[in-house]
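K.L.:
Sharing a sequence plus its predicted fold:
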Amino acid sequence: MKVPFSPEQSNRLVELKETQEKLSTQWIDYWYDYSSFNTWQFWVNVVFIIVPLISLYFFVDRRKIFLLGFFGFNIHVWLVYCDAILTRYNFIEYPYKAIPFLPINVGIDTSLVPILFILLYQWTLNKNKNFYLYSLILITFLSFIFKPLLATYHLIHLKQGMNHIYLFISYIIITLVSIGITNLFQYLHIKYKSYDHI
């Protein structure tokens, strides 16, 4: 049985898609005019992508690479979801981007911050340090030093009541969720691996 799809719904969907296409074109035009290869801001964003990836390649502990990668991917996913929501509802905007097709800041959300957390997690594991304490120090740095510095140079704008306290809280939640999921999967892996020896 075919589910009905009303003409009104179809027209509304077409209208939304046309608006979305128009906005996408306008964002790309804006990027070419103000944020492309001839701006220093573009190259800063490129550095945010490339330098952390190179650092990760040279400094990651390959003995723990799946654990570290799983944790880093968690941080990345939750950051992207959070940033996508905040940019969609105009709480955060990025006037300069390396990649104009995405609303998020690719360098910060997919490379720089996740890799900082990966390397911190690795350090706390290898040195037997308290991950929660040191992640709080990193979160404080990101929220109250790094992001305000970005705001000074208009690489990020906080709008509609969004502030650095809310960013701080967001980072804490993302970190706790990410390490919680990582610990759960690590526990399940160890638990079910032990069954193989029974």
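P.N.:
Received, thanks.
K.L.:
burial of residue 155, as a residue count?
P.N.:
Neighbours of residue 155 under the rule other CB atoms under 10 Å: 20. Backbone N, C-alpha and C define where each C-beta goes, glycine included.
K.L.:
That one reaches residue 47, doesn't it?
P.N.:
No. Between residue 155 and residue 47 there is no contact under CB atoms under 8 Å: 11.6 Å.
K.L.:
How many neighbouring residues does the closest residue to residue 162 other than its chain neighbours have?
P.N.:
Excluding the flanking residues, the one nearest residue 162 by CB to CB, 6 or more residues apart in numbering is residue 91, at 4.1 Å. Using other CB under 10 Å, residue 91 has 18 other residues around it.
K.L.:
helices and strands around whichever strand or helix holds residue 192, which ones?
P.N.:
Using DSSP states H and E, residue 192 sits in helix 164-195. Here helix 164-195 touches helix 65-88, helix 113-127, helix 131-141, helix 147-152, going by 3 or more CB pairs under 8 Å, 6 or more residues apart in numbering; DSSP states H and E.
K.L.:
make it 6 Å
P.N.:
Contact partners of helix 164-195 among helices and strands, from 3 or more CB pairs under 6 Å, 6 or more residues apart in numbering; DSSP states H and E: helix 65-88, helix 131-141.
K.L.:
As a markdown table, these with distance to residue 21 and mean pLDDT would be great.
P.N.:
Below are the helices and strands packed on helix 164-195 laid out as a markdown table (distance: least, CB to CB, whole Å; pLDDT from 0 to 100):
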| stretch | distance to residue 21 | mean pLDDT |
| --- | --- | --- |
| helix 65-88 | 16 | 96 |
| helix 131-141 | 38 | 98 |
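K.L.:
Deepest in the core, which of the ones you listed is it.
P.N.:
Comparing the helices and strands packed on helix 164-195 by mean neighbour count (mean count of other CB atoms under 10 Å), helix 65-88 ranks first with a mean of 18.
K.L.:
Residues contacting that one, please?
P.N.:
92, 103-104, 109-110, 114, 117-118, 121-122, 170, 174, 177-178, 181-182 (CB atoms under 6 Å, 6 or more residues apart in numbering).
K.L.:
Outline the domain layout of the protein.
P.N.:
In terms of domains, the chain is parsed into 1-34, 39-195 (source: automatic domain parsing).
K.L.:
For the shortest one, buried residues please.
P.N.:
Taking 16 or more other CB atoms under 10 Å as the basis for neighbour counts, the residues of domain 1-34 that come out buried are 27, 31.
K.L.:
before we move on, what about stretch 155-172?
P.N.:
So for stretch 155-172, counting by 16+ other CB under 10 Å, buried means 155, 156, 158, 162, 164, 167, 168, 170, 171, 172.
K.L.:
what about residue 15, distance to residue 21?
P.N.:
Relative to residue 21, residue 15 is positioned 11 Å away (CB to CB, to the nearest Å).
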